[in-house]
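**Q** Please work out how this folds:
(2 chains)
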Amino acid sequence: MIKTITDLVKGAIGGEPIVMPAERPEYGHYFTNIAFLTAKEARQNPREVAEEAVKKIKELSPEGFFEKVEIAGPGFINFTLSQETLAGELKKILKEGDKYGREEKNNPQKIQVEFISANPTGPLTFGNGRGGPFGDVLANIFAYLGDDVTKEYYVNDAGGQVLKLGKSVLKEDGAEYKGEYIEDLRKIIDANKKEAKEAGEEAVKEVLSWLKKTVSENMGIDMDVWFSEKSLYENGTVDMVIDKLKEKGLIYEREGALWFKSTEYGDDKDRVVVKSDGEKTYFAGDMAYLWNKFAERKFNKVINIWGADHHGDVARVKGAFEALDLNGDFEILLLQFVRLLKEGKEMKMSKRKGVYVTVDEVIEEIGRDAYRFLLLMYSPDSHIDFDMNVAKEKSMENPVYYAQYAGVRAGNIIKKADEAGIAISSNIKELNTPEDLALMFEILRFKDVIRMAGEQMKPEMLARYSLDLSKKFHAFYDKERIVGEESNIAGQRLSLVKASYQIFKNLFGILGVSLPEKM
RNA sequence: GCCCCGAUAGUUCAACGGAUAGAACAACUCCCUUCUAAGGAGUAAAUGAGGGUUCGAUUCCUUCUCGGGGUACCA
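**A** As a prediction, this is how the structure comes out:
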């Protein structure tokens, strides 16, 4: 809807108008501030510009699309949609059902979202998990908007940590990993006749199977690709990429190691690619992986989702992207730290000491829906406090239940209305209570919110929206009735409820949160 | 030291440079003979400090204060 109005305004007055949902009912449904911007450039009075714009918008807009377009305050233009427009959208929701809001693009982008990617040296810890729901939903949003999306987990099955894991399992010198799971691995791997390297490789394989289980069964994420770092060594990509950089004079030798001149790309120091003992660093694999994504698999857009503790790596990886002359859109999103609180106290974690809480444990305690929702509802820039006590609370303290309960209520009304034999009517002329209208408008925002969440790569917008929608629905539920209403109103309201239910369904589908039948 | 993120109501979080800064929880008042009260209606309550840019700043720039994270030939 915002797009339609934006296009109209653009046609009328040009520029890059921004249309936003109105904040108060008396301001109509949407507003734009374009008159201020245009007036500034042309050195005119904003109100005069607005008057001119309103006239043209009215000419250009389809008959009956708006109920009114008016100027308010110093030059805001407020739009109120007509009842027919609202009814039309409602019909569309009911007709398109699960497909409502899904876009089809003629030339979809090939997008890769890489997330979680925790090392296969132990179970997935709570701290590693924030990227899971975030990346999953971001990818779902892109897919909903019509792009071709791959969800991917980068498995660091090469490098020093594999050997360290092996040593830890065999209890040799250099054992760094601790925790119960090491004991579990020891039982599985027949330790006696193994070298540390072999034991490490077997252990990684085992741990990887745990990770896959956690990700798919507990977190509810369908990874399309589990990409092996080792494969980049085996097929020569790593060496090839290093050679390429050597040719460009971006690699030099110092103290027996090979360094990449990342300072030429804004990094604060150059980075080692091949250590003096001949081993390649993690970063070498990273560069090869980048090459693989853009040059070989031809993604147009790659989004890496990292924990904020890796922010120091951003400059070198972006530098490598440039140095390798790769084309496409490359984004690195950083997620800030999550503190886990229990009984109001912070649970400190340390993987080295073997003190940590796993994703499995948290999900077992609070359930997948609460886990996903509570991690999703915050902006990635904010450090969040994840309170186990709130998460466990099956009450209004827990936002996920608030949203689910609204969906359940919608489902119940539909069931009861069907039992009562109420005929649906999508002519909604008589729905005009504040609660009816507020709910109707909230439903309409669905498509706008998804589009914005995709453009700004902010999945939390959808979680927030689900709470807004729920609030409107609960208020509606409390105030208005269907079963027992006079049949015209009942039928019209039923169509509103069915449309709401459909929106909850589609929305929860993207969020990966279930919509139960009862609670 | 340098780099990244944050600082908004008692608490946890919103606010794409716009109109009267929103929710939820906690507190206090009300509302179940009704499609589930896991709900609704209401009251009280906030932009860390100082400069600047702008018609307009929580938002942009700048200085400072306080938190969190990073600063390896580890991953």
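
**Q** going forward, measure contacts between C-alpha atoms and count neighbours the same way
**A** Fine.

**Q** which residue packs closest to the residue most central in space within chain A, ignoring adjacent ones?
**A** By C-alpha atoms, centre = their mean, chain A has its centre lying nearest to A:Leu138, at 2.7 Å. The spatially closest residue to A:Leu138, leaving aside those adjacent along the chain, is A:Pro459, at 5.6 Å (C-alpha to C-alpha, 6 or more residues apart in numbering).

**Q** tell me the contacts of that neighbour?
**A** Neighbouring residues of A:Pro459 by C-alpha atoms under 8 Å, 6 or more residues apart in numbering: A:Phe134, A:Val137, A:Leu138, A:Ile141, A:Leu376, A:Met377, A:Ala453.

**Q** Could you double-check that A:Val359 lies in contact with A:Gly131?
**A** No. Using C-alpha atoms under 8 Å, A:Val359 is not in contact with A:Gly131, being 11.8 Å away.

**Q** just to revisit the earlier point, which member of the contacts of A:Pro459 is positioned nearest RNA strand B?
**A** Ranked by distance to RNA strand B (C-alpha to the nearest atom of the strand), these are led by A:Met377 at 6.5 Å.

**Q** and the helix or strand harbouring A:Lys244, what does it pack onto?
**A** In this assignment (DSSP states H and E), A:Lys244 forms part of helix A:237-247. Helix A:237-247 sits against strand A:251-254, helix A:282-291, with contacts defined as 3 or more C-alpha pairs under 8 Å, 6 or more residues apart in numbering; DSSP states H and E.

**Q** same thing but at 6 Å, please
**A** Judged by 3 or more C-alpha pairs under 6 Å, 6 or more residues apart in numbering; DSSP states H and E, the packing partners of helix A:237-247 are helix A:282-291.

**Q** Spell out whether the helix it packs on and RNA strand B are in contact.
**A** Yes. Residues of helix A:282-291 contacting RNA strand B under C-alpha under 7 Å from any atom of the strand: A:Tyr282, A:Phe283.

**Q** related to what we said a few turns ago, quick one, phi psi at the residue nearest to A:Leu138?
**A** Per-residue torsions, A:Pro459: phi -60, psi -30 (degrees, to the nearest 10).

**Q** thinking again about what came up before, mark which of the contacts of A:Pro459 are buried, thanks.
**A** A:Phe134, A:Val137, A:Leu138, A:Ile141, A:Leu376, A:Met377, A:Ala453 (16 or more other C-alpha atoms under 10 Å).

**Q** and those residues near RNA strand B, which?
**A** Near RNA strand B, by the rule C-alpha under 7 Å from any atom of the strand, you find A:Met377 out of those.

**Q** and the two most separated of the buried ones among the contacts of A:Pro459?
**A** Farthest pair in the buried ones among the contacts of A:Pro459 (C-alpha to C-alpha) is A:Ile141 and A:Met377. Separation: 14.8 Å.

**Q** Near RNA strand B, which residues of the stretch 51-200 of chain A are found?
**A** So the stretch 51-200 of chain A meets RNA strand B at A:Ala72, A:Gly73, A:Phe76, A:Ile77, A:Asn78, A:Asn119, A:Asn156, A:Ala158, A:Gly159, A:Gly160, A:Gln161 (C-alpha under 7 Å from any atom of the strand).

**Q** Quote the end-to-end distance of stretch A:39-54.
**A** 14 Å (C-alpha to C-alpha, to the nearest Å).

**Q** Would you mark the buried spots in it?
**A** For stretch A:39-54, a neighbour-count test (16+ other C-alpha under 10 Å) marks A:Ala39, A:Pro46, A:Arg47, A:Val49, A:Ala50, A:Glu51, A:Ala53, A:Val54 as buried.

**Q** okay, the residues you listed in TSV with distance to A:Lys415 next?
**A** What follows is those, written out as TSV (distance: C-alpha to C-alpha, whole Å):
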residue	distance to A:Lys415
A:Ala39	54
A:Pro46	52
A:Arg47	51
A:Val49	52
A:Ala50	48
A:Glu51	49
A:Ala53	47
A:Val54	45
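
**Q** Run through chain A and note the low-pLDDT ranges.
**A** A:191-193, A:350-353, A:393-397 (pLDDT under 70).

**Q** okay, now the domains of it?
**A** Following automatic domain parsing, one gets these domains for chain A: A:2-81, A:115-234+A:336-388, A:399-511.

**Q** can you tell me the distance between the two ends of the shortest one?
**A** Okay, so that is domain A:2-81. 11 Å.

**Q** need the contact list for A:Ala42.
**A** Under the criterion of C-alpha atoms under 6 Å, 6 or more residues apart in numbering, A:Ala42 has no neighbours.

**Q** State the distance from it to A:Met287.
**A** 49 Å.

**Q** now do A:Asp7
**A** Taking C-alpha to C-alpha, one finds A:Asp7 at 42 Å from A:Met287.

**Q** These two: which has the busier surroundings?
**A** Taking neighbours as other C-alpha atoms under 10 Å, A:Asp7 and A:Met287 compare with A:Met287 leading, 25 against 15.

**Q** Secondary structure element holding the closest residue to the more buried one other than its chain neighbours?
**A** The shortest distance from A:Met287 to any non-neighbouring residue, by C-alpha to C-alpha, 6+ apart, is to A:Ala320 (6.2 Å). If you go by DSSP H and E, A:Ala320 is part of helix A:314-323.
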